[in-house]
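*Asks:* just a sequence and a predicted model for now, questions to come.
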2 protein chains.
Amino acid sequence: MFAAYHGNVPITTVKPMPRRPTIIEVAREAGASKTSVSRYFSGEREKLSPTLCARIATAALRLDYRPNQMARGLKGGRSRLVGMLVADIRNPFSVAVMHGVERACREQGLALLVCNTDNDPELERTHLALMTSYQVEGLIINAAGSPDAELQALTDHGMPLVLLDRDLGTVQADLVGLDNARAIDLALDHLAEQGYGELLYLSEPTELASPRRERLARFHEGLAARRLTGEANTMDGNDQELQHAIEAFLTRSDNRRSGDVPRALLCANGAVTLAATRALRTLGARLGETGLLGIDELDWCKLVGPGITTLAQPTEAIGRQAVTCLLARLPNPAEARPRKHRLEPRLMPRGSTRPTG
Amino acid sequence: MFAAYHGNVPITTVKPMPRRPTIIEVAREAGASKTSVSRYFSGEREKLSPTLCARIATAALRLDYRPNQMARGLKGGRSRLVGMLVADIRNPFSVAVMHGVERACREQGLALLVCNTDNDPELERTHLALMTSYQVEGLIINAAGSPDAELQALTDHGMPLVLLDRDLGTVQADLVGLDNARAIDLALDHLAEQGYGELLYLSEPTELASPRRERLARFHEGLAARRLTGEANTMDGNDQELQHAIEAFLTRSDNRRSGDVPRALLCANGAVTLAATRALRTLGARLGETGLLGIDELDWCKLVGPGITTLAQPTEAIGRQAVTCLLARLPNPAEARPRKHRLEPRLMPRGSTRPTG
DNA sequence: TTGTACGCGTTATCAC
DNA sequence: GTGATAACGCGTACAA
C-alpha cells in the first residue's frame, strides 16, 4: 500500500482532471446562494449588498470561476453567440468585413461563430443548421447560394438576420453592402475624366451574387451619358479565356470613332483585378496606356507597375453596420421593415488610370 | 373585438415566435421515448428497431427538429466545439491555415469558434476565457503574447492544446508550424546559387514570435558555410526606417570583397516582403539586380516586376495537422509528451532572384 | 430493444 | 436584499 507512493503518484491524483468550478461551489465558498452569485455575474450587482458582492468576488477569484455559457444559453436562450456565414474566407474583402463584425461583437459582449462555405450551397445549408443548433442569437450572412427557404424559416422563427454584400430575392432581411451604383458611377466618371473612351467590363458570373448584377447593370446604364463605349464580359476563373477576351478588346480596330481612343479595363472585384493584372502582364500591356480600375482595395495594388487604381470598400464600416442592424433587431426581430444599407466606396487613383504615363 | 381582425393579424399570432422543437416533442410525435430519439441522433441507430427509426425520422423531419448543442454540451462536455485563437486574422497566412483547420474540423463533425486577438495580449487573455466559457473541447492557438500561465492552467484542467506557428517557452503542448531552419537553409542555398553574396535579412521584432527568432538565428548560422556575408535588421512596420536601412545596405561600398557582389534582401514573412517591395520601389531598385526573397507565398508575388521569389508555407497542411494533433489528445489529453511538427516549405523561384535580369 | 429518473450549470420566479 | 426551487434540453445509468 505504501509502495504505491514510492516514486509514483497515487492513481487518484492522476486521473481526476479537475472540472471547472460551478456556481454552486462559488456560492458555498462565499457563504451565499446560487441566486446571488448568478445575479453577481449577470450584471445585477447593484441589487446586492456591497459586503455580499465582495464575498462573492473573492470566492470567484480564488476558485477561478467562469460562468458556463452553455448552461446560460440553455435557460433563457441568451447564448451571446452571433453566427456569421462567409462565402469565401480567403477573400480579403470578406476577411476585412469579418474583422469589423468581430470588433463590433466584442464591444457588445458577443462571441462570433464564423462558418466558411467555400461558395458551396450545400455546405451553406449544413452550416446554417450548425449555427442554429448552437442557439446563435443572430445571423450575419454573406450568401454563397440561394438559401432563401432556410433563411425565411429562420426569420419566421424569430431569428434576427442581416444579409452581407449579397442580397437574396425573397428573404425579408436587412442588407448591408456597398453602394454598387455609386461605385460604378465613380469608376466611369474617373475613367472618362482620364480620357479613356472604350471600356471592357470584367466580372465573374452574376447569377450567384447580387452586387455583380447591380454593378454590371449600372455599367451598361452609365456609358451613354459619359459618351463612353463599352462591353462586358462575365466569366469564371479561366485565365486563358480572360486573356483572349482582353487581347481581342485591345487589338480590335475601332471603327466607331475617328481617332484612336484609350481603352480601359474595369474589374468588378478584387479577384477579377488580380486575374486581369496577370493577363495584362502576359500580354505585355503597359498599365496606364491600357487603363485598369478595380473594385476592392488590395494591399499590393500600389506595388504593381505604376500602381493600380481601385475603389476601396469601407469594409470595417460594413462589418460594424451589420452588427448594428442585428442588435437593433434583437429585441423584436420582425419589428421594422427590412432596410438596405448602402455604404460609399472611395476612389484610390493611381498610375493604372493615367493614359499619358 | 372583431375589428381587430380587419386587415390585421390578431396579436396572438404575431408575438409567440415559435420555439424550436425539443427532443420531447419529437418523441411524442413519433410515439417513442426521449431516450430513443436521443440514441437516434447520437449515432446509435443500430440499436433501434428499423420501424422506430423510421417513425423518429419522419417525426423529426416534420418538426424540423435539430438537437440543441448547448444542452448537449452541458452534460458530458461534448460541445463539439473547437476554439482557435488567431493573432492576426488579416494575415493571409493565418487565414490559409485557418482554412485548413476549418476543413479538418468539418470532416470530424466539429465546429470552430475563431477568435482574433489583433496581436493584443490583453485581448488574447479575454478570448481564451471566452472560449473556455463555451466549453470548447480543444484549443488551437496562434499566440499573440505569452499567455503561458493561462494555457498551462488549461492543460492542467485537461484541455487539449495545440500551438500554431508560434511556440511558447514554458507550455507543454504540441506545436505545428513551418520547419524554419529548413526554410532559411533553402533560401540561403538559392540565393547563393543565384550568385548573391551579400544579404540583408529583414524581420519584425522577434520577442513575440518564436519563428522569427528561429529564422533569424538560422540566418546567422548559415552564412559562413555558404561563403555569404550578411546582416540582419529587425524593426516594426515603420516604412521610413525600413527604407533607410535598405538604402544603406544597397549603397554602401563593400570593402570586404574585391569585386562588386550582387546583394539581396531576405524577408522573414509576407508582411515584411510587402514592406520591402514598397521600399525597393520607392528607391527605384530593379528586382533581380537587387535580389528579393520572401517567406510566405502571396497571390500578388508573381505580378510585381519580374515576380518575387518566395518560400511557400504548406498552410493547408499545417491547419489539418493541428486538428489531427488535437484529436489525438482528446481521449487522454496528457497522454504523450508534446510533439513538435515541422512542415516543409516549398521554393517558388521567380525573377526577383535572377541577378542577370 | 425501450422507457424512467436523474443530473448537467444556469437563470427566472416567487417567497421571505 | 436574499434565498429556495423549478425549469431549460439533453445524455445516460438503470430498470423493464
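*Replies:* Perfect, I can see it now.

*Asks:* name the SS class of A:M84, please.
*Replies:* Under DSSP: H, G, I helix; E, B strand; the rest coil, the three-state class of A:M84 is strand.

*Asks:* next one, pLDDT for it please.
*Replies:* Confidence at A:M84, expressed as pLDDT, is 96.

*Asks:* what separation is there between the residue nearest to it when sequence neighbours are not counted and A:E25?
*Replies:* If you skip the residues right next to it in sequence, A:M84 has A:I140 as its closest partner in space, 4.5 Å away by Cβ to Cβ, 6 or more residues apart in numbering or on different chains. C-beta here means a position set from N, CA and C on the backbone, and glycine is covered the same way. Using Cβ to Cβ, to the nearest Å, one gets 37 Å for the distance from A:I140 to A:E25.

*Asks:* which residues in chain A form helices?
*Replies:* Taking DSSP state H as the test, the helices found in chain A are A:11-14, A:23-30, A:34-41, A:50-63, A:69-76, A:92-107, A:121-133, A:148-156, A:180-193, A:210-223, A:239-251, A:270-283, A:315-329.

*Asks:* which among those is found nearest to B:L347?
*Replies:* Across the helices of chain A, the minimum distance to B:L347, taken as Cβ to Cβ, is reached by helix A:270-283, at 20.8 Å.

*Asks:* send the alpha carbons of the closest one over as PDB?
*Replies:* Listed next in PDB are the C-alpha coordinates belonging to helix A:270-283 (Å, rounded to 0.1, in the frame of the first residue of the first chain):
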ATOM      1  CA  GLY A 270     -10.500  42.000 -56.400                       C
ATOM      2  CA  ALA A 271     -10.400  38.500 -57.800                       C
ATOM      3  CA  VAL A 272     -11.000  39.800 -61.200                       C
ATOM      4  CA  THR A 273      -8.500  42.600 -60.800                       C
ATOM      5  CA  LEU A 274      -5.900  40.000 -59.900                       C
ATOM      6  CA  ALA A 275      -6.700  37.800 -62.900                       C
ATOM      7  CA  ALA A 276      -6.800  40.800 -65.200                       C
ATOM      8  CA  THR A 277      -3.500  42.100 -64.000                       C
ATOM      9  CA  ARG A 278      -2.000  38.700 -64.600                       C
ATOM     10  CA  ALA A 279      -3.400  38.600 -68.100                       C
ATOM     11  CA  LEU A 280      -2.200  42.100 -69.000                       C
ATOM     12  CA  ARG A 281       1.200  41.200 -67.800                       C
ATOM     13  CA  THR A 282       1.200  38.200 -70.000                       C
ATOM     14  CA  LEU A 283       0.100  40.300 -72.900                       C
END
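
*Asks:* do that helix and chain B meet?
*Replies:* Yes - contact of helix A:270-283 with chain B (Cβ under 8 Å from any Cβ of the partner chain) involves A:L274, A:T277, A:R278, A:R281.

*Asks:* same check, this time on stretch A:315-324
*Replies:* No - under the criterion of Cβ under 8 Å from any Cβ, chain B is not reached by stretch A:315-324; the shortest gap measures 10.0 Å.

*Asks:* hmm, who's touching that stretch?
*Replies:* A:82, A:93, A:96-105, A:108, A:110, A:140, A:162, A:164-165, A:176-178, A:341, A:343 (Cβ atoms under 8 Å, 6 or more residues apart in numbering or on different chains).

*Asks:* distance check, A:S352 against A:L265.
*Replies:* As judged by Cβ to Cβ, A:S352 and A:L265 stand 9 Å apart.

*Asks:* now the common contact residues for the two.
*Replies:* A:G291, A:L292, A:L293.

*Asks:* surely the second one touches A:R350?
*Replies:* This means A:L292. No - in this structure A:L292 lies outside contact range of A:R350 using Cβ atoms under 8 Å: 9.2 Å.

*Asks:* more crowded one of these two?
*Replies:* A:L292 (30 against 20; other Cβ atoms under 10 Å in any protein chain shown).

*Asks:* hmm, back to that, list buried residues within the contacts of stretch A:315-324.
*Replies:* By the neighbour-count criterion of 16 or more other Cβ atoms under 10 Å in any protein chain shown, the contacts of stretch A:315-324 include these buried positions: A:82, A:93, A:96-105, A:110, A:140, A:162, A:164-165, A:176-178, A:341, A:343.

*Asks:* contact partners for A:R66?
*Replies:* Contacts were defined as Cβ under 8 Å, 6+ apart; by that measure A:R66 touches A:R20, B:A129, B:T132, B:S133.

*Asks:* separation between it and A:R45?
*Replies:* Noted for A:R66: a distance of 17 Å to A:R45, by Cβ to Cβ.

*Asks:* also A:L311?
*Replies:* Between A:L311 and A:R45 the distance is 49 Å, computed by Cβ to Cβ.

*Asks:* ok, these two, which is more surrounded?
*Replies:* Set A:L311 next to A:R45 and count neighbours by other Cβ under 10 Å: A:L311 wins out with 24 against 14.

*Asks:* do I have it right that that one meets A:G294?
*Replies:* Yes - A:L311 lies in contact with A:G294 (Cβ under 8 Å); the separation is 7.3 Å.

*Asks:* next to chain B, which bits of the stretch 201-350 of chain A? Give me the list.
*Replies:* Counting by Cβ under 8 Å from any Cβ, the residues of the stretch 201-350 of chain A lying close to chain B are A:L274, A:T277, A:R278, A:R281, A:L298, A:D299, A:W300, A:K302, A:L303, A:V304, A:P333, A:A334.

*Asks:* any idea which of those the model trusts least?
*Replies:* A:P333 (60).

*Asks:* of the residues of the stretch 201-350 of chain A next to chain B, just say which sits nearest to DNA strand D.
*Replies:* Using Cβ to the nearest atom of the strand, A:P333 is the member of those that lies nearest DNA strand D, at 17.5 Å.

*Asks:* re earlier: list the residues that contact both of A:L292 and A:R350?
*Replies:* Both A:L292 and A:R350 are contacted by A:I308, A:T309, under the criterion Cβ under 8 Å, 6+ apart.

*Asks:* so who does the closest residue to A:L112 other than its chain neighbours touch?
*Replies:* With Cβ to Cβ, 6+ apart as the criterion, A:L112 has its nearest non-adjacent residue at 4.9 Å, and that residue is A:C105. Listed by Cβ under 8 Å, 6+ apart, the contact partners of A:C105 are A:V82, A:A111, A:L112, A:V323.
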